[in-house]
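sequence-free structure coming up:
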């Protein structure tokens, strides 16, 4: 299978950045929006964003099915234009419930990318680990851009511009993708098989581990990426208080995590998945425990460290799917695990404000340490394999032992 045109591959990676950036604009701008809507505290407005994250998970199921059966190129066009228009709608809202409805619509379109865009990139990849790491870098740079761009736009223009400006960029990317991405002659579900699949029992074990680990990892990811901005604001009070400066500091945190993810992706082509995954997850809990009792610049250093390992764990779910699942059904398998994982983890967005308001960030960090421990225990149940790397579609991976 010939590689995707470079322009189409680039736009698929840009789409990953757009996806993560758009989901976090609200969390970054929540204090400004709360003040505009007359809320006394940002924590009281935060639960109104839960619908976006709920649909980010639930919508993955139909999105993955449509990606395999209707076509991944078509679904990516729906993604670009849908997420752009829905962000423009968010910028027009004047009340909390209107905002919640518009954010939920944005979440529906954001659900398309992961089960569709990533399999579209990987279906032609010769070195899937490298492809995953570059794609992960793009996604996490989107998280960093959310902190940097949103902070600047909120300060100098207003929170509405923080949604409207990226929306126009997404729509422009959709126009370019329509011109550069080749039309699919055959939809993925109708293509010939490309790899051997594990037996039913091994596949069930893999899917169970994948789903549970995805839930726990997504909870940690949502708690951190949605709460880090306010955590920095609280723990750096009296040290750094300018919103734009805090945005720059937060962007550096996410950029460091994104660069670490590149190293992980490169290792995925050389090191057994289970060994690498368990090693990275094992570091998370101690860092969260230390951060729970830190403040000032020591807290900031620990935030850089724990986000490196949080982001470093992100590529593994896609790596496991590439290793064990044929391309004909990758979007559907990705959609199923994302629907469960992100649907459940959307609770993190709903709980974040009330939890911090009632118990503070120390309790939140201790909770994340516990969740990280659960993730490690689950990863240890992955099937043993002596094979290095994650394989390609041209060289079928061995079934699990």
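In hand now; what should we look at? Note that the structure is predicted; figures quoted are calculated from it, not measured.

So what's the residue count around the closest residue to residue 95 other than its chain neighbours?
Spatially, and ignoring its direct neighbours in sequence, residue 95 is nearest to residue 37 (6.8 Å; CB to CB, 6 or more residues apart in numbering). No exception for glycine: its C-beta is placed from N, CA and C like everyone else's. Number of residues near residue 37 (other CB atoms under 10 Å) recorded here: 16.

if I pick residue 37, what's in contact with it?
By CB atoms under 8 Å, 6 or more residues apart in numbering, the residues touching residue 37 are 45, 94, 95, 96, 99.

now do residue 376
278, 281, 282, 284, 285.

and if we set it to 7 Å?
Going by CB atoms under 7 Å, 6 or more residues apart in numbering, residue 376 touches 278, 281, 282.

In helices only, show me those residues.
Counting by DSSP state H, the part of the contacts of residue 376 found in helices is 278, 281, 282.

ok, and the most crowded of those?
Neighbour tally across the ones in helices among the contacts of residue 376 (other CB under 10 Å): the maximum, 27 neighbours, falls on residue 281.

Skipping its backbone neighbours, what lies nearest that residue in space?
Take residue 281 and drop its neighbours on the chain: the residue closest to it by CB to CB, 6+ apart is residue 376, 4.6 Å away.

okay, the contacts of residue 37 in a markdown table with distance to residue 19 and neighbour count next?
As requested, these are arranged in a markdown table below (distance: CB to CB, whole Å; neighbours: other CB atoms under 10 Å):
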| residue | distance to residue 19 | neighbour count |
| --- | --- | --- |
| 45 | 23 | 23 |
| 94 | 26 | 8 |
| 95 | 26 | 11 |
| 96 | 24 | 17 |
| 99 | 20 | 22 |
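
Flag the least confident of the residues you listed.
The lowest pLDDT within the contacts of residue 37 belongs to residue 94, with 84.

And the closest residue to that one other than its chain neighbours, how close does it get to residue 22?
Take residue 94 and drop its neighbours on the chain: the residue closest to it by CB to CB, 6+ apart is residue 37, 8.0 Å away. According to CB to CB, to the nearest Å, residue 37 and residue 22 sit 20 Å apart.

what's the answer for residue 93, then?
Separation of residue 93 from residue 22 (CB to CB) stands at 15 Å.

Compare these two and say which is more crowded by neighbours.
Neighbour totals were compared for residue 93 and residue 22, and residue 22 leads with 27 against 18 (other CB under 10 Å).

ok, then the element right after the strand or helix carrying residue 304?
Taking DSSP states H and E as the criterion, residue 304 maps to helix 296-312. Tracing the chain C-terminally past helix 296-312 and defining elements by DSSP H and E, one meets helix 315-324 next.

what residues does that following helix touch?
118, 122, 128-129, 132-133, 136, 198, 203, 206, 210, 214, 261, 264-265, 268, 273, 277, 330, 333-334, 337, 390-391, 397.

roughly how far is that helix from the heart of the chain?
Its chain's average C-alpha position is 15 Å from that of helix 315-324, according to CA atoms, centre = their mean, to the nearest Å.

Show me what secondary structure element comes after it.
Defined by DSSP H and E, the subsequent element after helix 315-324 is helix 330-359.

ok and that next one relative to helix 315-324, angle-wise?
Helix 330-359 and helix 315-324 meet at an angle of 160 degrees, taking axes from the mean of the first three to the mean of the last three CA atoms, to 10 degrees as the criterion.

Tell me the helices and strands packed up against the helix or strand containing residue 67.
Element membership for residue 67 (DSSP H and E) is helix 60-69. Judged by 3 or more CB pairs under 7 Å, 6 or more residues apart in numbering; DSSP states H and E, helix 60-69 is in contact with helix 72-91, helix 113-122, helix 330-359.

The second one: which residues count as buried?
So that's helix 113-122. 113, 114, 115, 116, 117, 118, 119, 120, 121, 122 (16 or more other CB atoms under 10 Å).

From residue 21, how far off is the first one?
If I follow you right, that is residue 113. Distance from residue 113 to residue 21, by CB to CB: 11 Å.

tell me the contacts of residue 219?
Counting by CB under 7 Å, 6+ apart, residue 219 touches 345, 348, 371.

If we ignore the residues flanking it in sequence, what's nearest it?
residue 345 (4.6 Å).
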